[in-house]
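Chemist: Requesting a structural model of the entry that follows:
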Amino acid sequence: EHAHEYDGEAWHSPGLRVGMLPQEPTLDDGRSVIENILDGVPEQRALLQRFDEINRTLERGESEAEGEGLQRLLGDLERLTEEIDALDCWRLHDHVHAAMSALNCPPAEARPQTL
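Modeler: Purely as a prediction, here's the structure:
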């Protein structure tokens with residue numbers, strides 16, 4: 001009776017990302033549950049990985065971390081920090097664990113083939 005009131009369109013706020021989570025996701029049995037889940041946030045993971053790479057380069061004092069290279073790396077770190085802050089990536093694992101708990105997922109370190 002009320003079907004005519006809906007036209008099948010959905011709207012969301014600008015900047016909101018919408019994804020689909022299949023009921024039966026394809027999992028890599030050789031990786032843990034959390035590793036499989038983290039595949040769903042590649043942008044955030046890439047930002048954190050690059051941040052860590054730059055810090056390791058600076059820590060080791062590699063030639064890339066001298067002169068103009070140092071300025072470039074520090075500029076990259078500043079940009080990455082802003083992006084990481086904006087996406088709240090510092091708490092990525094907290095958010096993922098909270099979602100896993102809410103969805104009643106298996107333990108993070110479990111392997112899919114044993115479930």
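Chemist: Now do the helices in the chain.
Modeler: 33-38, 42-60, 67-86, 92-102 (DSSP state H).
Chemist: Tell me which of these sits nearest to Leu115.
Modeler: helix 33-38 (7.9 Å; Cβ to Cβ). Heads up, the C-betas are built off the backbone N, CA and C, glycines and all.
Chemist: buried sites along that closest one?
Modeler: Val33, Ile34, Asn36, Ile37, Leu38 (16 or more other Cβ atoms under 10 Å).
Chemist: remind me which residues of the chain are low pLDDT?
Modeler: 1-7, 21, 65 (pLDDT under 70).
Chemist: Leu73 versus Thr57, what's the distance?
Modeler: As judged by Cβ to Cβ, to the nearest Å, Thr57 and Leu73 stand 6 Å apart.
Chemist: same thing with Ala108?
Modeler: 32 Å.
Chemist: the more surrounded of Thr57 and Leu73?
Modeler: Leu73 (19 against 16; other Cβ atoms under 10 Å).
Chemist: ok, now how distant is the closest residue to that one other than its chain neighbours from Leu70?
Modeler: Leaving aside its sequence neighbours, Leu73 sits nearest to Ile54 (Cβ to Cβ, 6 or more residues apart in numbering; 5.3 Å). Going from Ile54 to Leu70 by Cβ to Cβ gives 11 Å.
Chemist: Looking at those two, which one has more neighbours?
Modeler: Ile54 (18 against 14).
Chemist: Most tightly packed of the helices of the chain?
Modeler: Among the helices of the chain, helix 33-38 has the highest mean neighbour count (mean count of other Cβ atoms under 10 Å), at a mean of 18.
Chemist: Leu80 contacts Ile54, correct?
Modeler: Yes. Leu80 lies in contact with Ile54 (Cβ atoms under 8 Å); the separation is 7.3 Å.
Chemist: Which residue, neighbours along the chain excluded, lies closest to Phe107?
Modeler: No Phe there; residue 107 is Pro. Val33 (6.8 Å).
Chemist: where does that neighbour sit relative to Ala110, distance-wise?
Modeler: From Val33 over to Ala110 (counting by Cβ to Cβ), the distance is 5 Å.
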